[in-house]
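Trainee: the sequence and its predicted three-dimensional model are supplied below.
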Amino acid sequence: MMIGLHVVGALAGVALGVGAVYLGRTFIEGIRRDRWRKPDELAAGLRRDRWDRAVEMMDSEDAAQRLQCFAALERYGREEPDAREDVVELTCGYLRKPFAYPVEDEEELEIRLAAQRLLTRHFRWPAGEAKPFEFWEVEELELQDAVLIEPDFADTFLVRADLQDSLIVRGDFRGTRFSPSITFDRACFTGDTDFRSASFPRYATFIGALFGGTTTFAGAEFEQGADFTDARVERPDAAHAWPSPWRAWANSPVAQARLIPMKTASRPPSSAERRRP
């Protein structure tokens, strides 16, 4: 009887040992599978985690977190070229959020300036130069309704940029190349705006735009002109430089001027003159 008990105990010990060995081998094989068979899945998961953290920071109530999110998004875009379109879309979405001007929130202004720099840094491509390594190719730039404070778009290459209904404070567009379209319809330009030597495509519209400071298009090139229909100028006596054939015309010294196409330097006929037989 005692021999039977010893045999049973021995068999149980063997079973436990075999089970432990099996579990150990299963655990090790699981690690090996994760390490060798699924590296792409693990990497994709890590990338998603980084992306999710950056997006969460953008919606944080902490200004420091919101500022940090754009540095995180830029790093992500540099390392993941396929995500650059999403990075630009998120950044443009942030700039489309309401923002009071004149500036009331200096912390929020610093965040928005960081977002603007992310865009301009990766769209900088001076004419005549090879495409920079840092240049990001995207399908469109959606900045309609955006509030842009002193944006530095000088020497950038902007594709399908839509800035209709935007507020642009002291915008610098010197040497900017727009392709294949640009829309500034109903945009409000506050302060001096510089479009010197900019290059405009066949479709370029400023319909209903308002120019509040000195504006210059000196040296700008238009593939097929631009449409300034119903555009207005708050300071018609300033040293503007409008593209031909558009000129600012006001009915009185205190009224806003309208941009109208004029083939000659003479003034357009007044309403009274138009009524004469």
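Mentor: Okay, I see it.
Trainee: what strand or helix carries the residue nearest in space to the middle of the chain?
Mentor: Closest to where the C-alpha atoms of the chain average out (Cα atoms, centre = their mean) is Cys92, at 3.8 Å. Here Cys92 sits within helix 84-95, counting by DSSP states H and E.
Trainee: hmm, back to that, who's in contact with the residue nearest to the centre of the chain?
Mentor: Leu119, Leu141, Glu142, Leu143, Ala146 (Cβ atoms under 8 Å, 6 or more residues apart in numbering). C-betas here are computed from N, CA, C, even on glycine.
Trainee: which ones among the residues you listed lie within strands?
Mentor: Leu141, Glu142 (DSSP state E).
Trainee: filter the contacts of Cys92 down to the buried ones, ChimeraX style.
Mentor: The following ChimeraX line selects those of the contacts of Cys92 that are buried, judged by 16 or more other Cβ atoms under 10 Å:
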select :119,141,142,143,146
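Trainee: and which of the contacts of Cys92 is nearest Ile182?
Mentor: Ile182 lies nearest to Leu141 out of the contacts of Cys92, by Cβ to Cβ, at 9.5 Å.
Trainee: got the contact list for that closest one?
Mentor: Leu141 makes contact with Val88, Cys92, Leu119, Phe123, Leu158, Val159, Arg160, Ala161, Asp162, according to Cβ under 8 Å, 6+ apart.
Trainee: let's have those residues in JSON lines, adding pLDDT.
Mentor: Output for those, formatted as JSON lines (pLDDT from 0 to 100):
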{"residue": "Val88", "pLDDT": "96"}
{"residue": "Cys92", "pLDDT": "97"}
{"residue": "Leu119", "pLDDT": "97"}
{"residue": "Phe123", "pLDDT": "98"}
{"residue": "Leu158", "pLDDT": "98"}
{"residue": "Val159", "pLDDT": "97"}
{"residue": "Arg160", "pLDDT": "97"}
{"residue": "Ala161", "pLDDT": "98"}
{"residue": "Asp162", "pLDDT": "98"}
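Trainee: which of those residues lies closest to Pro151?
Mentor: Checking these against Pro151 with Cβ to Cβ, the nearest one is Leu119 at 8.2 Å.
Trainee: list the contacts for the spatially closest residue to the closest one that is not a sequence neighbour?
Mentor: Leaving aside its sequence neighbours, Leu119 sits nearest to Thr91 (Cβ to Cβ, 6 or more residues apart in numbering; 6.0 Å). By Cβ under 8 Å, 6+ apart, the contact list for Thr91 reads Phe70, Leu73, Ala115, Leu118, Leu119.
Trainee: I appreciate the help and will end here.
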